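[1] quick one: sequence and predicted model below, then my questions.
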Amino acid sequence: MEIKTELPHTYAYLKQFDAILRKRSGFVKYFDAEKDAFYSMYNISRETFAPFKVIWRTMGSSIDATVLEPADDGKVGKKTLIHKNTVISVSLDDKYEAHYLCAVLNSVVVNFVARSYSVKGGKSFGSANLLDFIAIPKYKPSNALHQRLTALSQQAHALAAQTSEFSENSEVSPRGHRSRD
């Protein structure tokens with residue numbers, strides 16, 4: 001898609017930041033300033049725009065996973081959330097599978113495994129290869145245990161959303177830890 005012709009208002013908005021966008025380290029490293037559009041982005045894929053993502057920080061001393069779901073914004077409507085690059089992300093199309101995975105990742109067993117091979121507080125705590133060390137059964141909607149884990153994760157998220165400590169502007173995860181981003 002040629003953004004300049006197909007989305008002229010978006011292009012006009014971005015054009016205001018042309019010089020700043022060309023100075024981004026990712027742009028300088030991965031793109032040719034003469035050939036590539038100033039708004040080009042590195043490391044973007046279909047997974048970036050998956051409706052549901054299970055994410056957790058790459059720094060810390062425990063896996064505190066949460067589910068990102070599409071957000072309904074009064075100005076722009078329902079949109080898929082895109083996270084910072086300081087988290088590990090598993091992209092999913094199914095809300096229930098996302099909550100199941102989130103519940104499993106927040107378990108004592110997974111946290112034990114993560115602590116067993118990660119440096120506490122290090123930059124790679126709970127890195128993506130954590131998933132290579134744990135055997136998470138494939139989500140089955142008909143499995144009673146999977147249903148229960150999904151429901152518990154959804155309840156935890158709902159509780160976090162209605163508790164003042166976890167307001168929209170709070171940087172506190174659903175498990176009560178302050179964000180370090």
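    Cool, the structure landed.
[2] what's the mean pLDDT across stretch 48-61?
    Averaging pLDDT along stretch 48-61 yields 90.
[3] in the chain, what spans have low per-residue confidence?
    Applying pLDDT under 70 to the chain picks out residues 1, 120-123, 164-181.
[4] tell me the helices in the protein, going along the chain?
    With DSSP state H, the ranges of helices along the chain come out as 3-6, 8-15, 18-22, 25-30, 95-105, 108-117, 130-133, 144-162.
[5] mind saving the C-alpha coords of the fifth one as CSV?
    In CSV, the C-alpha atoms belonging to helix 95-105 read as follows (Å, rounded to 0.1, in the frame of the first residue of the first chain):
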residue,chain,number,x,y,z
LYS,A,95,-9.6,-14.8,23.7
TYR,A,96,-10.1,-17.9,25.8
GLU,A,97,-6.9,-19.5,24.7
ALA,A,98,-5.1,-16.3,25.6
HIS,A,99,-6.5,-16.3,29.1
TYR,A,100,-5.6,-20.0,29.4
LEU,A,101,-2.0,-19.4,28.5
CYS,A,102,-1.9,-16.3,30.8
ALA,A,103,-3.1,-18.5,33.7
VAL,A,104,-0.5,-21.2,33.0
LEU,A,105,2.3,-18.7,32.7
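[6] show me the contact partners of it.
    Residues outside helix 95-105 that contact it (CB atoms under 8 Å, 6 or more residues apart in numbering): 51-54, 56, 63, 65-67, 69, 90, 92, 110, 136, 139, 141, 146, 149-154, 157. C-betas here are computed from N, CA, C, even on glycine.
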